[in-house]
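A.B. asks: Sequence first, then the predicted structure, then my questions.
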Amino acid sequence: MFQTIDHCRSCDGATLHDVLSLGEVPLADKFLSAADLSRPEPVFPLNVAFCGDCSLVQIRETVEPDVLFGSDYPYFSSFSPAWVEHCRRNAEELIASRDLGAEHLVVEIASNDGYMLRNFHDRGIATLGIDPVPGPAAAAEALGIPTLRKFFSAELAENLTTEGRFADVILGNNVLAHVADLSGFVNGIRTLLKPGGVAVIEAPYVRDLIDHCEFDTVYHEHLCYFSVTALNRLFLDRGLCLTEVRRLPTHGGSIRLYIEHGTAPSDQVCRLLDEEAALGIDSLSYYESFAQRVSVLQESLVALLDRLRSAGKTVAGYGAAAKGTTLLNASGVRSEHLDFIVDRNIYKHGHHMPGLKTPIFAPERLLTEMPDYVLLLAWNFQEEIIRQQSEYLSQGGRFIVPVPEVRIVDGLRDQSAA
Ligand code: JHZ
Ligand code: ZN
């Protein structure tokens with residue numbers, strides 16, 4: 001069901017250095033049904049490595065994509081309003097800056113439930129979604145967005161262009177890290193992209209991951225953790241170049257890449273490359289203290305939960321996010337630490353968190369149960385969730401925010417809990 005690499009996923013170099021081991025954990029999005037609870041749950045090793053040749057950070061384990069992104073894949077982008085708004089603004093900007101109209105085609109790779117393409121579709125611009133997961137793809141089709149239920153690949157791009165379909169804009173949010181065949185994926189973008197077209201891709205930024213100790217964003221779906229340095233090489237080697245890179249606050253810190261046909265990165269991108277070089281992102285030393293900082297965070301989280309439980313406090317979780325699976329299981333949080341987890345995604349209700357088996361309910365349960373503390377597993381939506389839960393806070397509830405360091409937020413104060 002999984003393979004272990006000993007060569008880099010981007011440059012095929014053999015100099016992989018281990019950076020962090022997260023032990024053996026279940027698959028992040030494999031929420032358990034009631035029937036699953038009595039069956040053994042598979043766990044997989046999870047190890048992060050750094051390529052000494054091209055500086056790409058990656059995990060060593062490759063779980064088959066059909067296992068990770070099968071019909072039970074529960075992620076529907078539209079349950080997170082701030083994310084939907086972030087993407088709407090990106091779409092509006094692209095429509096204006098590229099003067100998109102009925103004669104243009106926008107293709108999105110990993111189009112999920114149509115959360116992004118709907119912005120183009122509603123303006124009469126032709127769209128094509130590509131996503132292998134049936135549930136979200138059906139939701140996109142219900143909005144009128146044609147969706148190919150397939151993984152994107154070089155071959156798929158060839159087939160589309162043989163039919164005369166070339167893209168003016170290619171979109172891909174949080175998909176590049178999921179791709180095992182990076183070379184095929186990037187070659188596919190080059191094939192499908194019209195001359196003069198642009199691919200706009202967002203991915204979590206490894207610099208934010210390391211600097212803010214976001215180890216929980218490491219899970220088997222995420223094979224790679226990108227720097228601009230590693231990406232620049234990935235695209236240049238395949239006849240594409242970065243014309244702009246923007247840093248974004250989403251998912252704990254991401255980058256948006258603007259990619260076009262060509263052979264020279266823009267001056268703006270060169271400045272970011274210089275900045276990364278000055279930080280040493282291309283050298284192993286940048287990653288050396290990470291594992292130690294992760295274990296301090298993990299220990300302080302478990303110590304806090306032990307302390308609260310010993311004092312008879314009730315504790316719930318907010319956000320059955322994929323990253324919650326890593327946070328809980330890799331840190332050694334135990335099922336007796338958490339009473340329940342809440343999430344807005346109705347497809348996760350009635351299910352249980354991988355590993356800990358904590359039951360998942362709708363957020364309304366926070367007010368009926370009034371747990372003393374809520375561990376914010378979806379900490380990347382901290383502001384939005386805390387705003388939504390003002391009632392819970394005003395009744396004396398408190399949030400535990402685990403990343404970048406464990407702290408307690410009671411609405412008035414934000415204090416370290418270490
Ligand atoms: P969220 C996702 O991971 C999906 P996850 C994917 N694995 C990926 O690559 C990364 O992002 C980058 C819920 N929620 O989006 C919705 C509320 O309940 O941070 C989600 O279940 N109420 C493809 O799963 C979860 O929290 C709210 O108000 O780690 C958030 O998950 C909001 C805002 C969210 O990503
Ligand atoms: Zn490499």
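C.D. replies: Thanks, I have the structure now. Here the structure is a predicted model, which is why all the values come from computation and not from measurement. Ligands and ions are numbered 1, 2, ... in the order given.

A.B. asks: ok but residue 381 is inside a helix, no?
C.D. replies: Yes - assessed by DSSP: H, G, I helix; E, B strand; the rest coil, residue 381 belongs to a helix.

A.B. asks: Strands of the stretch 251-400 of the chain, residue ranges please.
C.D. replies: 254-261, 315-318, 341-342, 360-361, 373-376, 398-401 (DSSP state E, counting those that start in this stretch).

A.B. asks: Double-check that residue 191 belongs to a helix.
C.D. replies: Yes - counting by three-state DSSP, residue 191 falls inside a helix.

A.B. asks: which residues touch the closest residue to it other than its chain neighbours?
C.D. replies: Distances taken as C-beta to C-beta, 6 or more residues apart in numbering put residue 157 closest to residue 191, at 4.0 Å, once the chain neighbours are dropped. The way it works is simple: take the backbone N, C-alpha and C, and place the C-beta from them, glycine included. Counting by C-beta atoms under 8 Å, 6 or more residues apart in numbering, residue 157 touches 187, 188, 189, 191, 192.

A.B. asks: Residue 157 belongs to a strand?
C.D. replies: No - residue state for residue 157 (three-state DSSP) corresponds to helix; a strand is not indicated.

A.B. asks: and the gap between it and residue 150?
C.D. replies: 11 Å (C-beta to C-beta, to the nearest Å).

A.B. asks: what helix or strand does residue 247 sit in?
C.D. replies: Residue 247 is located in strand 240-248, with elements delineated by DSSP states H and E.

A.B. asks: Next, the buried residues of that strand.
C.D. replies: Neighbour-count burial for strand 240-248, counted by 16 or more other C-beta atoms under 10 Å, picks out 240, 241, 242, 243, 244, 245, 248.

A.B. asks: What is the lengthiest helix in the chain packed up against?
C.D. replies: With residue count as the measure and DSSP state H as the assignment, the chain has helix 290-310 as its longest helix. Judged by 3 or more C-beta pairs under 8 Å, 6 or more residues apart in numbering; DSSP states H and E, helix 290-310 is in contact with strand 16-25, strand 315-318, helix 322-331.

A.B. asks: Okay, now the sheet partners of the shortest one, with direction.
C.D. replies: The strands that strand 315-318 pairs with in its sheet are strand 341-342 (parallel), strand 373-376 (parallel) (by DSSP bridges).

A.B. asks: Distance of residue 278 relative to ligand 1?
C.D. replies: Remark: distance between residue 278 and ligand 1 (C-beta to the nearest ligand atom, to the nearest Å) = 27 Å.
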